[in-house]
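Q: Predicted structure and sequence below. I'll ask about it afterward.
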Amino acid sequence: MVRWFWTCAVCPMRRNSSKPCPRVAAMRWLERLRGNKPQTAPVADPMAEALARAQAGDYGSALRIWEPLARAGVARAQNNIGACFAEGLGVPENRELACKWLRLAAEAGDPVGQRNYAALHMQGLAGTDADYGIAAEYYRRAAEKGDAPAQDMLSWLLLEGEIMTADPLEARRWAECAAEAGIASSMTRLGMLHHNALGVERDAQKAVYWWLKAAERGDADAQAMLGAACHMGAGTIRNGVTALVWLIRATEGGSTLAKPFMGPVRDSLSPAEIQEAERRAQEPLSRRAP
């Protein structure tokens, strides 16, 4: 099952894996509930209780709490019910009902509901009837309300230029918003923008700056590009051992961008240096202070 409300699956359409998948996006709907501000005081406790039960895997109980709230017009509860129908969590999967509930949440102005409604239309109700126009509209609505994953997806769409007109400048603006909120894929994209001079002057040092921030957060593509930069000395000091450390991490993280550099980097190092890089690659990631 593709858990598109939790993680972003890898799609073969991705030409650059710093971009979100065009068919599924990182929804993380359950995680976002923690930041939900209750619409009225009585709603706060039931929503928190439902969240706790869902986190424990008891979706049936969570749905029984969400349903009366959703029918009373609580948009986040409507979103959560829609997400459960989309995924078959506690109920049989039913994309038509998912669409109904997500549309209610989206039209009520809930940014997570808008993002999830957009994602549903990126896939299509039957998996073959995607409506990219609706998807783009609701990703933008959610992005304008400050939803960071939607900002990340909108940035990707504006850079890709297949669903909406390409606009690298606006793509960078939304990527910067998402990156400020901690979205690693947008940090990686900002590195690509500076590296490839898309809407900005080429700046190898800024590219490395953004790749490092994303790499420290575990983004495999950023780790691959950072490893390549360390190998070539582009925007940073040339260091073969450090390059191999990042390339190993990237490969283990599933990035295909590291593959072309692995051989040349290993060939440039001594057995002792390779052993040191392999040891360092297994250490926990450390993140610099912002």
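A: Cool, the structure landed. Note that the structure is a prediction, hence the values are computed from the model and not measured.
Q: contacts and neighbour counts: CA atoms only from here.
A: Fine.
Q: And Gly253, its phi and psi?
A: The phi and psi values for Gly253, taken as degrees, to the nearest 10, are phi -80, psi 0.
Q: mean confidence for the helix ranked longest in the chain?
A: If you go by DSSP state H, the chain has its longest helix at helix 41-55. The pLDDT scores in helix 41-55 average 80.
Q: Would you mark the buried spots in it?
A: By neighbour count on 16 or more other Cα atoms under 10 Å, the buried set for helix 41-55 is Met47, Ala48, Ala50, Leu51, Arg53, Ala54.
Q: So the first one versus Ala108, what's the distance?
A: From Met47 over to Ala108 the distance is 17 Å, taken as Cα to Cα, to the nearest Å.
Q: helix, strand or coil for Pro264?
A: helix (DSSP: H, G, I helix; E, B strand; the rest coil).
Q: Which pLDDT value belongs to it?
A: 97.
Q: which residue ranges form the helices in the stretch 1-150 of the chain?
A: Per DSSP state H, counting those that start in this stretch, the stretch 1-150 of the chain carries helices over the ranges 29-32, 41-55, 59-71, 75-87, 95-107, 111-123, 132-144, 148-160.
Q: and these, which is most packed in?
A: helix 111-123 (a mean of 29; mean count of other Cα atoms under 10 Å).
Q: For that one, give the mean pLDDT please.
A: Regarding helix 111-123, the rounded mean pLDDT is 96.
Q: Which strands and helices lie in contact with that helix?
A: Helix 111-123 sits against helix 29-32, helix 75-87, helix 95-107, helix 132-144, with contacts defined as 3 or more Cα pairs under 8 Å, 6 or more residues apart in numbering; DSSP states H and E.
Q: Look up how far Ala143 lies from the closest residue in space to Gly146 that isn't next to it in sequence.
A: Among residues not flanking Gly146 along the chain, Pro111 sits closest, at 7.8 Å (Cα to Cα, 6 or more residues apart in numbering). Using Cα to Cα, Pro111 is found at 8 Å from Ala143.
Q: quick revisit: now distance to Glu180 too, for the helices of the stretch 1-150 of the chain, in CSV please.
A: Converted to CSV, the helices of the stretch 1-150 of the chain look like this (distance: least, Cα to Cα, whole Å):
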stretch, distance to Glu180
helix 29-32, 17
helix 41-55, 26
helix 59-71, 32
helix 75-87, 24
helix 95-107, 24
helix 111-123, 18
helix 132-144, 13
helix 148-160, 9
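Q: Can you flag the weakest of those helices by average pLDDT?
A: Across these, helix 29-32 gives the lowest mean pLDDT, at a mean of 42.
Q: per the record, what domains does the chain have?
A: Per automatic domain parsing, the domain ranges recorded for the chain read 29-147, 178-281.
Q: and Arg172, which of the ones you listed is closest to it?
A: Closest to Arg172 of the domains of the chain, according to Cα to Cα: domain 178-281, at 6.6 Å.
Q: Give me the residues contacting whichever helix or strand Val241 is part of.
A: In the assignment (DSSP states H and E), Val241 maps to helix 240-252. Residues outside helix 240-252 that contact it (Cα atoms under 8 Å, 6 or more residues apart in numbering) are 219-224, 226-231, 258-259, 261-262, 265-266, 268-269, 273-274, 276-278, 280-281.
Q: Would you mind listing the buried residues in it?
A: Quick answer for helix 240-252 (16+ other Cα under 10 Å): Gly240, Val241, Thr242, Ala243, Leu244, Val245, Trp246, Leu247, Ile248, Arg249, Ala250, Thr251.
Q: One more: stretch 187-206?
A: The neighbour-count check on stretch 187-206 (16+ other Cα under 10 Å) flags 187-195, 198, 203-206 as buried.
Q: hmm, back to that, among the buried residues of helix 41-55, which one lies nearest to Asp129?
A: Looking across the buried residues of helix 41-55 and measuring by Cα to Cα, the closest to Asp129 is Ala54, at 30.0 Å.
Q: ok, back up a step: now find how far off-centre the helix holding Val241 is within its chain.
A: 22 Å (Cα atoms, centre = their mean, to the nearest Å).
Q: Grab the CA positions of that helix and hand them over as CSV.
A: Extracted in CSV, the C-alpha atoms of helix 240-252 (Å, rounded to 0.1, in the frame of the first residue of the first chain):
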residue,chain,number,x,y,z
GLY,A,240,37.8,12.6,-0.6
VAL,A,241,37.1,11.0,2.7
THR,A,242,34.3,13.4,3.5
ALA,A,243,32.9,12.9,0.0
LEU,A,244,32.8,9.1,0.5
VAL,A,245,31.1,9.5,3.9
TRP,A,246,28.2,11.4,2.3
LEU,A,247,28.0,9.2,-0.7
ILE,A,248,27.8,6.1,1.5
ARG,A,249,25.0,7.7,3.5
ALA,A,250,23.2,8.7,0.3
THR,A,251,23.5,5.2,-1.1
GLU,A,252,22.2,3.6,2.1
